[in-house]
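*Asks:* Please find the sequence and the predicted model below.
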Amino acid sequence: MTQGIIDLIKGDITKVEADAIVNPSNSSLLLGAGVSGAINLAGGPSIQSEMNKLGHCPVGGAVITSAGNLPARFVIHAVGPRMGEGAEDAKLLGATLQSLARAEEENLASIVFPAISTGIFGFPLDRCARIMLTASIEHLSSDKPGSLERIIFCLWGDEAYTTFRETLEILNLSP
């Protein structure tokens, strides 16, 4: 039995009010372009400053910082895979699970994910949706009690939103 809700929204992740938003990061923990760049612009320099102190996160891992000027309380920096580096599915699953773990460690009720690694890292959108949604459903369906009540996927553009919505339908859930 699912103990929480999975929602899909289309839009700008930096505007979503939640306990944490997820930044699709690189292992050097440097805010760059795309979603990461938007988080940098909207959140201010304190996020990068905290990331600099952490220094590094392996591919498939996730670390947490405060959220600066964002409407979220925290930013979870998940390092997804680049296509072609090998074991990409396992690494994306790891980044998703580690993000959920960081949220649970802080007793957060809500987390917002983008479609990790589907931008400049080139991960296929349909595979991303299947991996991330399945991991989220399994997390919320676990017998182990957790704090997360709501997992939101904030997707940029019609293609990403439609792909995630159709994947949820295939998994016999409705957004």
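*Replies:* On my side now, so go ahead.

*Asks:* what about the strands in the chain?
*Replies:* 5-10, 20-25, 62-66, 74-79, 110-113, 150-155 (DSSP state E).

*Asks:* so what does the fourth one touch, helix or strand wise?
*Replies:* Translated: strand 74-79. If you count contacts as 3 or more Cβ pairs under 8 Å, 6 or more residues apart in numbering; DSSP states H and E, strand 74-79 packs onto strand 20-25, strand 62-66, helix 88-105. C-beta coordinates here come from the backbone N, C-alpha and C atoms, glycine included.

*Asks:* Walk me through which strands that strand pairs with, and which way each runs.
*Replies:* Note on strand 74-79: by DSSP bridges, its sheet partners are strand 20-25 (parallel), strand 62-66 (antiparallel).

*Asks:* if we can go back for a sec, what's the closest of the strands of the chain to residue 169?
*Replies:* Ranking these by their distance to residue 169 (criterion: Cβ to Cβ) puts strand 5-10 first, at 10.9 Å.

*Asks:* So for the lowest-mean-pLDDT helix or strand in the chain, what gets flagged as buried?
*Replies:* None of the helices or strands of the chain scores lower by mean pLDDT, DSSP states H and E than helix 34-43, at a mean of 92. Judged by neighbour count (16 or more other Cβ atoms under 10 Å), helix 34-43 contains these buried residues: 35, 36, 38, 39, 40, 42, 43.
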